[in-house]
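Peer 1: Dropping a prediction and its sequence here:
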Amino acid sequence: MSAIVDLVLGVVTSIGGFVEAGSISTAAQAGSEFSYQLLWAIAAATVMLAMLIEMSGRLSVVSRRSIAAAVRERFGIRFQIVPLSAELVIDLLLLAAEIGGAAIAVKLLTGIHWPWWIVPIGFMIWLVLWYCGFGVIEYGIGLLGLITLSFVVSAYALHPEPSTLLPGFVPSMPEHDSVRYAFLAVSILGATVSPYLLNFYSSGTIEEQMREPELWVNRTTAYLGMCFGGVVSMGVLVTSAIVLAPQHILADSYEQAALMFVPVFHQWSVALFATALGIGCFGAAVELSLNAGYVGAQVFGWSWGANRPRRDAARFSAAFTLVLVAATCIALIGFDPLRLTLISVALTVVIMPLIVLPFLVLMNDPKYVAQHRSGAIGNTVLALLTVLGCVLAVIVIPLEILGG
Amino acid sequence: MLAVTSMAQRLKHAAALIGVTVMLLPLVGCASESATLKEHAQKLRSLRATAVSVSEAWSAGDVSETFARLTLEQAFELVQKERAAIAPTAQDLANPPAAALARDSDDLERQIAALVRRIETTNAGTGSNRPRLTDAHASIQERP
């Protein structure tokens, strides 16, 4: 019975926690610029994320180690320092972008300029991290995040034409702006498959003390939760494609993106969009900060755990506090949060092989996963997608930046 | 002797290549300039559509005065940035397509400013002046 409750909670919170600044901004831009043509990118990225999440849970359930700790043990600190530094830099940028996204959400509701909200939001994130246990952080924020289902409701209410919607699941060349199209495809991949999610999920299974007989819960939660979460992202794209694209409105700012809700939710549109954006960003910011604490503690062998009294995990608490302060300072510089999000998620794809490829090696090492090794097809598909995404990102990011 | 001829031929080929490249460079420049202008035009069209959409939503009572004003003010700032990027120098402004686009952006700036002013001066509580706002954004819509 407890396993079923865990499963339902896990799936529901995965849906609620799926959408954040990266997925909202990339899907809204993709819909407004290329209509349904990038639905395949969300579908592919979601399947890739579900596979990786399931693997990360399996690794930690069987080995009782998180990904960061296992990579450190298997490859040594000299190897790990490179992916670790790259991930830290990207996570810092992402965290700053999420804090900025949450600040813009409050601005949409209050009208007060967003930089004023950066420090209060940073402090609220710290309060949640300091006073709440893992269950409250995961389930509480995930349940609040169910408000993002409003994107699915709006897409459904707008009655997309199946004959034009379904071809979007098959990759095709755009009629215009191929570089922009490729950049958005890469950004969608980076926004969906954020490396921090893997270590956060594997640390979570250790926090929740999941055991081998419950591996089916892990598998079902990963696939069902992520796939339903992907549907929320698709809801953003479809709503944007139906409302913004015909009016030639590009979702270059969150204010423009908020207009996608007007035809369905009318006077509730801005409040709903801002709440969905705010909770999504706030939740992602809490997870990113907590993961920074996890990674630091797991790599250097400190005691860690969101459920432990903070004095018993002082260095872990100091690590997430430090990263949160640094990201708040970056957000205070005043970069446009939406642009920062797009650049961060695209760069995520560049560093993805550094994170995913060693992880795939671990998933085939009997010392860590015993008889629960990954299949050859899954390994090959993930390795190929990761490397292809990275190559594409290395090509299109400079072109996109040069093209303005 | 053979080596000298081969070297001369190579130099000739290299010179021809450089010549062709030099001749093509302005074409590449033109292509990239027109692509940049097209991009600016797209951005301006998007900002114009945003101004129309938000003012319509405000007129219909779907969005608050605060949101409408914020969005229009932001659109105004973005139009200013686009205007600055379209023709940053006098030479750029001498290019007719750039000059036309710069004029468009100037017009759009003025129209958005007028919309902001009207929203600010309108009593949002009664909504009595909202139909007049529709007249104001009709002039924005007329642009291609």
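Peer 2: Sure thing, it's come through.

Peer 1: From now on I want contacts and neighbour counts done on CA atoms only, so please keep to that.
Peer 2: Fine.

Peer 1: what separates A:Leu340 from A:Gly280, distance-wise?
Peer 2: 16 Å (CA to CA, to the nearest Å).

Peer 1: Apologies, that question was intended for A:Asn218.
Peer 2: Distance from A:Asn218 to A:Gly280, by CA to CA: 23 Å.

Peer 1: Skipping its backbone neighbours, what lies nearest A:Gly100 in space?
Peer 2: Spatially, and ignoring its direct neighbours in sequence, A:Gly100 is nearest to A:Pro337 (5.1 Å; CA to CA, 6 or more residues apart in numbering or on different chains).

Peer 1: Now do the contacts for that neighbour.
Peer 2: Contacts for A:Pro337 were tallied using CA atoms under 8 Å, 6 or more residues apart in numbering or on different chains; they are A:96-98, A:100-101, A:331.

Peer 1: what separates stretch A:367-374 from the chain centre, distance-wise?
Peer 2: Distance of stretch A:367-374 from its chain centroid, counting by CA atoms, centre = their mean, to the nearest Å, is 26 Å.

Peer 1: Same check on stretch A:205-222?
Peer 2: 20 Å.

Peer 1: Mind checking which of A:Leu340 and A:Gly280 has more residues around it?
Peer 2: Using other CA atoms under 10 Å in any protein chain shown, the more surrounded residue of A:Leu340 and A:Gly280 is A:Gly280, with 31 against 20.

Peer 1: Quick check: buried residues in the helix or strand encompassing the more buried one?
Peer 2: A:Gly280 belongs to helix A:269-300 when assigned by DSSP states H and E. By neighbour count on 16 or more other CA atoms under 10 Å in any protein chain shown, the buried set for helix A:269-300 is A:269-299.

Peer 1: Poorly predicted segments of chain B, please.
Peer 2: B:1-32, B:123-144 (pLDDT under 70).

Peer 1: just checking, next helix/strand downstream of the host helix or strand of B:Arg48?
Peer 2: Element membership for B:Arg48 (DSSP H and E) is helix B:2-59. Next in sequence after helix B:2-59, counting helices and strands by DSSP H and E, comes helix B:65-86.

Peer 1: mind listing what's buried in the longest helix along chain A?
Peer 2: With DSSP state H setting the assignment, residue counts place helix A:77-110 as the longest helix in chain A. The neighbour-count check on helix A:77-110 (16+ other CA under 10 Å) flags A:80, A:83-84, A:86-88, A:90-109 as buried.

Peer 1: can you list the residues that contact whichever helix or strand comes after that helix?
Peer 2: Beyond helix A:77-110 in the direction of the C-terminus, DSSP H and E gives the next helix or strand as helix A:115-131. Residues from elsewhere that reach helix A:115-131 (CA under 8 Å, 6+ apart): A:99-100, A:102-103, A:106-107, A:137, A:282, A:285-286, A:290, A:306, A:310, A:317, A:321, A:324-325, A:328, A:331-332, A:334.

Peer 1: and helix A:115-131 with helix A:77-110, angle?
Peer 2: Counting by axes from the mean of the first three to the mean of the last three CA atoms, to 10 degrees, helix A:115-131 lies at 120 degrees to helix A:77-110.

Peer 1: What is the distance between helix A:115-131 and the centre of its chain?
Peer 2: With CA atoms, centre = their mean, you get 20 Å for helix A:115-131.

Peer 1: and what of stretch A:94-106?
Peer 2: The gap between where stretch A:94-106 is centred and where its chain is centred comes out at 14 Å by CA atoms, centre = their mean.

Peer 1: Chain A contacts on chain B?
Peer 2: Counting by CA under 8 Å from any CA of the partner chain, chain B comes close to chain A at B:36, B:43, B:45-47, B:49-50, B:53-54, B:57, B:61-64, B:66-67, B:70-71.

Peer 1: repeat that with 10 Å
Peer 2: Contacts of chain B with chain A, taken as CA under 10 Å from any CA of the partner chain, map to B:32, B:35-36, B:39-40, B:42-54, B:57-58, B:60-72, B:74-75, B:78.

Peer 1: Provide a PyMOL selection command restricted to the buried entries of the residues you listed.
Peer 2: Command for PyMOL that selects the buried part of these, burial taken from 16+ other CA under 10 Å:
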select buried, chain B and resi 36+39+40+43+44+45+46+47+48+49+50+51+52+53+54+57+58+61+62+63+64+65+66+67+68+69+70+71+72+74+75+78
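
Peer 1: Mind telling me what element A:Gly389 is part of?
Peer 2: Here A:Gly389 sits within helix A:376-402, counting by DSSP H and E.

Peer 1: Who are the packing partners of that helix?
Peer 2: helix A:39-63, helix A:178-192, helix A:337-362 (3 or more CA pairs under 10 Å, 6 or more residues apart in numbering or on different chains; DSSP states H and E).

Peer 1: hmm, try it at 7 Å
Peer 2: Judged by 3 or more CA pairs under 7 Å, 6 or more residues apart in numbering or on different chains; DSSP states H and E, helix A:376-402 is in contact with helix A:178-192, helix A:337-362.

Peer 1: And the following helix or strand past the first one, what does it pack against?
Peer 2: So the one you mean is helix A:178-192. Per DSSP H and E, helix A:178-192 leads on to helix A:195-207 as the next helix or strand towards the C-terminus. Helix A:195-207 sits against helix A:39-63, helix A:67-75, helix A:269-300, with contacts defined as 3+ CA pairs under 7 Å, 6+ apart.

Peer 1: Now distance to A:Gly204 and mean pLDDT too, for those helices, in JSON lines please.
Peer 2: Formatted as JSON lines, those follow (distance: least, CA to CA, whole Å; pLDDT from 0 to 100):
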{"stretch": "helix A:39-63", "distance to A:Gly204": "8", "mean pLDDT": "94"}
{"stretch": "helix A:67-75", "distance to A:Gly204": "11", "mean pLDDT": "93"}
{"stretch": "helix A:269-300", "distance to A:Gly204": "10", "mean pLDDT": "94"}
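
Peer 1: Do me a favour and get the backbone dihedrals for the residue in the stretch 101-250 of chain A positioned nearest to chain B.
Peer 2: Closest to chain B within the stretch 101-250 of chain A is A:Ile249: 4.4 Å, counting by CA to the nearest CA. In terms of degrees, to the nearest 10, the main-chain angles of A:Ile249 are phi -90, psi 120.

Peer 1: And A:Arg211, by the same measure?
Peer 2: Per-residue torsions, A:Arg211: phi -110, psi 170 (degrees, to the nearest 10).
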